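[1] predicted model and sequence follow; I will ask about them next.
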Amino acid sequence: MLITLEGIDGSGKSSLHEALSELLADLDPVFTREPGATWVGDQVRRAIKEQIDPVTEATLFVADHAAHLAKVVRPALAEGRLVISDRYSDSRYAYQSVTLQGIVPDPEGWMRAMHNGWTIVPDKTFLCVLPVDEALTRLKPDSEREHFEKHETLVKVQDNYLSYAKAEPARFVIVDAMLPQDTVAKFVADAIRVELGAGMKKRKGRRV
Ligand code: TMP
């Protein structure tokens with residue numbers, strides 16, 4: 001089963017990822033992330049830092065996703081493992097729709113087309129949502145921020161995420177990131193256990 005955690009910078013999704021490693025330790029999940037599960041991810045981080053060019057950056061994110069699927073996600077799913085990824089394809093749709101605006105004609109359509117046919121759609125996606133002003137207070141000072149971490153960018157990115165959640169209500173679970181961290185972590189951990197139980201029932205049902 002593939003679970004993804006999404007949300008704008010400062011939404012607490014990385015702390016959630018960490019907390020889940022304790023709360024779900026008995027399930028022995030594979031914890032992974034985008035960008036960064038392979039060396040391609042290191043190049044993505046470099047491209048982000050140097051603000052090299054939006055198309056270069058976008059295609060590197062896709063390359064990182066392909067390497068992540070090949071090296072981490074597919075092998076783990078083939079072994080029947082639970083995979084929990086901090087960011088995944090929805091990050092590309094939500095962020096690159098903003099960074100590629102005015103550069104390619106239909107940024108989101110282009111991004112989705114690049115994934116179609118070979119990506120693996122997550123079973124559940126937990127979307128951490130909070131007011132952008134609050135997210136910004138949780139980030140590093142202005143001078144040290146990545147170029148995505150600007151108010152107007154994050155507002156658009158979060159709106160994109162919310163529109164995906166509306167379009168795919170069975171996959172997305174919206175998480176109130178203003179709640180205390182341990183409450184959020186417990187809620188998500190419990191929801192993942194329920195999802196795993198439902199998945200097992202479905203598989204058993206198919207066999208009969
Ligand atoms: P991180 O802070 O969660 O490690 O992610 C690094 C930044 O990269 C973050 O600002 C979101 C951005 N990002 C994209 O723009 N597109 C993507 O596909 C991914 C995975 C991240």
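    Arrived safely.
[2] name the single longest helix found in the chain.
    Longest helix in the chain, counting residues (DSSP state H): helix 181-207.
[3] give the buried residues for that helix.
    For helix 181-207, a neighbour-count test (16 or more other CB atoms under 10 Å) marks 184-185, 187-189, 192, 195-196 as buried. Yep, even glycine has a C-beta here, placed from its N, CA and C like the rest.
[4] output those residues in TSV; the columns should cover pLDDT and distance to residue 38.
    TSV is the format used below for the buried residues of helix 181-207 (pLDDT from 0 to 100; distance: CB to CB, whole Å):
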residue	pLDDT	distance to residue 38
184	98	29
185	98	27
187	98	31
188	98	26
189	98	27
192	98	25
195	95	27
196	94	27
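[5] how about a markdown table for those, with distance to the ligand added?
    Below are the buried residues of helix 181-207 laid out as a markdown table (distance: CB to the nearest ligand atom, whole Å):
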| residue | distance to the ligand |
| --- | --- |
| 184 | 16 |
| 185 | 17 |
| 187 | 21 |
| 188 | 17 |
| 189 | 20 |
| 192 | 20 |
| 195 | 22 |
| 196 | 25 |
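[6] hang on, the earlier thing: by contact count, what packs against the longest helix of the chain?
    strand 2-7, helix 13-23, strand 124-129, strand 172-176 (3 or more CB pairs under 8 Å, 6 or more residues apart in numbering; DSSP states H and E).
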